[in-house]
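Student: here's my sequence, what's the structure:
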Amino acid sequence: MRAARALIGLSQTELARRAGVSVPTIKRCESDSERAAAVSSETQDKVRSVLEAEGVEFTNGKHPGVKLVRS
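Tutor: Predicted coordinates for the structure are as follows:
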């Protein structure tokens with residue numbers, strides 16, 4: 001999620017506001033540790049929805065990542 005947010009130039013504060021969650025929650029979502037796993041799937045979906053609405057596409061397969069599908 002950190003890469004997706006950076007791709008569209010959105011701050012943690014703005015992403016949190018748009019997703020209706022706290023900044024610490026965004027930090028947990030972007031963490032590479034067990035803290036990220038502790039974020040509920042509902043909250044992850046809220047954050048993902050904001051990012052996807054801005055044109056981010058999450059990719060899967062052999063090379064998971066993100067790409068911008070519209071600018």
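Student: what's the neighbour count on Pro24?
Tutor: Neighbours of Pro24 under the rule other CB atoms under 10 Å: 11. Placement of C-beta: from N, CA and C, glycine included.
Student: and it, what element?
Tutor: Pro24 is located in helix 23-29, with elements delineated by DSSP states H and E.
Student: check which helices and strands that helix sits against.
Tutor: Here helix 23-29 touches helix 12-19, helix 34-37, helix 41-53, going by 3 or more CB pairs under 8 Å, 6 or more residues apart in numbering; DSSP states H and E.
Student: ok, of those helices, where does mean pLDDT dip lowest?
Tutor: The minimum mean pLDDT among these belongs to helix 34-37 (a mean of 75).
Student: using CSV, list the CA coordinates for that helix.
Tutor: C-alpha atoms of helix 34-37 as CSV (Å, rounded to 0.1, in the frame of the first residue of the first chain):
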residue,chain,number,x,y,z
GLU,A,34,2.9,-8.5,11.8
ARG,A,35,1.3,-5.2,12.5
ALA,A,36,0.0,-5.1,8.9
ALA,A,37,-1.6,-8.5,9.3
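Student: by contact count, what packs against it?
Tutor: With 3+ CB pairs under 8 Å, 6+ apart as the test, helix 34-37 has helix 23-29 packed against it.
Student: for the helix it packs on, what is the average pLDDT?
Tutor: pLDDT averaged over helix 23-29 gives 93.
Student: buried residues in it?
Tutor: Going by neighbour count (16 or more other CB atoms under 10 Å), the buried part of helix 23-29 is 25-26, 28-29.
Student: now the helices and strands packed on helix 23-29 in CSV, please, with extra columns for mean neighbour count and distance to Gly65.
Tutor: Shown next, in CSV, are the helices and strands packed on helix 23-29 (neighbours: other CB atoms under 10 Å; distance: least, CB to CB, whole Å):
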stretch, mean neighbour count, distance to Gly65
helix 12-19, 18, 18
helix 34-37, 11, 16
helix 41-53, 15, 13
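Student: go through the ones you listed and name the closest to Met1.
Tutor: helix 41-53 (6.1 Å; CB to CB).
Student: same for the closest one, what does it pack against?
Tutor: helix 12-19, helix 23-29, strand 56-59.
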